[in-house]
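S.K.: With the sequence up front, the predicted model follows.
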Amino acid sequence: MANPHRLTTDQVVDLIKEETGTELSASTFRGYVSRGQAPAPVEKIGRTPLWKRSEIVEWANNRPGQGARTDIRKPRRRRAE
């Protein structure tokens, strides 16, 4: 029997929509994974990657919103002299 805490890509996409209301395509999620912006799969069955449900829920609820640039540092404010 399959482990209910391990999710396929399609199940991950459905869970993200359920948790956040955000719709992602499977290819978008796979792109996030390949760039290291989403959790890596914890195991594979054949060629099918599987993710841990708890990691996906945590990631989905804490990821930055659309258009958020996480690679840019905010400038420091100068003190008024």
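M.R.: In hand now; what should we look at? The model shown is predicted, which means the values in this text are computed figures rather than measured ones. Numbers count the residues shown, from 1 in each chain.
S.K.: Could you use CA atoms for every contact and neighbour count after this?
M.R.: Fine.
S.K.: End to end on stretch 36-44, go ahead and measure it.
M.R.: Here the two ends of stretch 36-44 are set 17 Å apart, with distance taken as C-alpha to C-alpha, to the nearest Å.
S.K.: Give the closest residue to Ser25 in space, chain neighbours not counted.
M.R.: What sits nearest to Ser25 in space, not counting adjacent residues and going by C-alpha to C-alpha, 6 or more residues apart in numbering, is Val13, at 6.8 Å.
S.K.: can you map out the strands along the protein?
M.R.: Secondary structure of the chain (DSSP state E): strands located at 6-7, 43-45, 48-52.
S.K.: Please identify the most buried of those strands.
M.R.: Comparing these by mean neighbour count (mean count of other C-alpha atoms under 10 Å), strand 6-7 ranks first with a mean of 20.
S.K.: Can you list the strands that that strand pairs with?
M.R.: Take DSSP bridges as the rule and strand 6-7 pairs in its sheet with strand 48-52 (antiparallel).
S.K.: picking up where we left off before, same list, the strands of the chain, but as JSON lines with distance to Thr22 and mean pLDDT please.
M.R.: JSON lines is the format used below for those (distance: least, C-alpha to C-alpha, whole Å; pLDDT from 0 to 100):
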{"stretch": "strand 6-7", "distance to Thr22": "18", "mean pLDDT": "94"}
{"stretch": "strand 43-45", "distance to Thr22": "25", "mean pLDDT": "93"}
{"stretch": "strand 48-52", "distance to Thr22": "18", "mean pLDDT": "96"}
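S.K.: Understood, closing this out.
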